[in-house]
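> Curious how this folds, go ahead:
(one chain, ligands or ions: 1)
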Amino acid sequence: MEEIDYHSIGKIHPLALANSANQRDINRIPIRIKIATGTYILQRIEAAYNQNNVDPTCKLCDQAEESLSHFLLCCRALDQFRTPILKNIIRKCSELPALQHSNIQLDILQLIINPFHYACSAESENDISYRIEPLCRQLIYKLHNKRYEILSKMDLISSRRKMNFKVS
Ligand SMILES: [Zn+2]
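Predicted structure coming up:
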């Protein structure tokens, strides 16, 4: 089995590569990288680093801490956007011979964060690049946009309330 050296000089990690010159695909890369490197800011992370007692509870559903797994896999407020893409990812994985070895236990969270974790050869890296990673990017970008959209609406409502409060 060939070792993949992601650190070789001059080689860009496949997570950061555009699969096409399509602007839509290129736009998805920065968010994708943040998810992969653990620098995407969610309530739990904000709560851990902020001095001002930030509540780690997910603002979208108010049901649990907003961790990466909550955001990517569990948050009910994002279910309808997540489910179709997630199903697609799971189906594609079941079609890839490289991911079918009995000794590979697929962790769906790990898969979304970095599917190249499961690349065991140059060929499987290529398969993941073209068949799995685009779906992971699509999922992450969709969830990111919907989360942002919902939070912006909430901010708007709460700032209107504050304004009304000042007036009355
Ligand atoms: Zn939630």
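> give me the number of residues near the closest residue to residue 98 other than its chain neighbours?
With sequence-adjacent residues excluded and distances taken as Cβ to Cβ, 6 or more residues apart in numbering, residue 98 is closest to residue 124, at 3.2 Å. In this view, the C-beta of every residue, glycine as well, is placed from N, C-alpha and C. Around residue 124 there are 21 other residues, counting by other Cβ atoms under 10 Å.
> cool, residue 35 as well?
Using other Cβ under 10 Å, the number of residues around residue 35 comes to 25.
> what comes up buried for the helix or strand that contains it?
Here residue 35, judged by DSSP states H and E, is contained in helix 29-37. The neighbour-count check on helix 29-37 (16 or more other Cβ atoms under 10 Å) flags 29, 31-32, 35-36 as buried.
> May I see those arranged in JSON lines, with pLDDT as well?
As requested, the buried residues of helix 29-37 are exported to JSON lines (pLDDT from 0 to 100):
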{"residue": "29", "pLDDT": "89"}
{"residue": "31", "pLDDT": "92"}
{"residue": "32", "pLDDT": "93"}
{"residue": "35", "pLDDT": "94"}
{"residue": "36", "pLDDT": "93"}
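> gap between the lowest-mean-pLDDT helix or strand in the chain and the chain center?
Averaged element by element with mean pLDDT, DSSP states H and E, the chain has its least confident helix or strand at helix 43-49 (a mean of 79). Helix 43-49 has its C-alpha centroid displaced from the chain centroid by 17 Å (Cα atoms, centre = their mean, to the nearest Å).
> what's downstream of that helix, the next helix or strand?
Beyond helix 43-49 on the C-terminal side, the first helix or strand identified by DSSP H and E is helix 68-69.
> about what we covered before: would you check that the residue nearest to residue 98 makes contact with residue 116?
No - in this structure, residue 124 sits apart from residue 116 without contact. The criterion is Cβ atoms under 8 Å, and the distance is 9.1 Å.
> where along the chain do the strands fall?
Here the chain has no strands by DSSP state E.
> Many thanks, have a good one.
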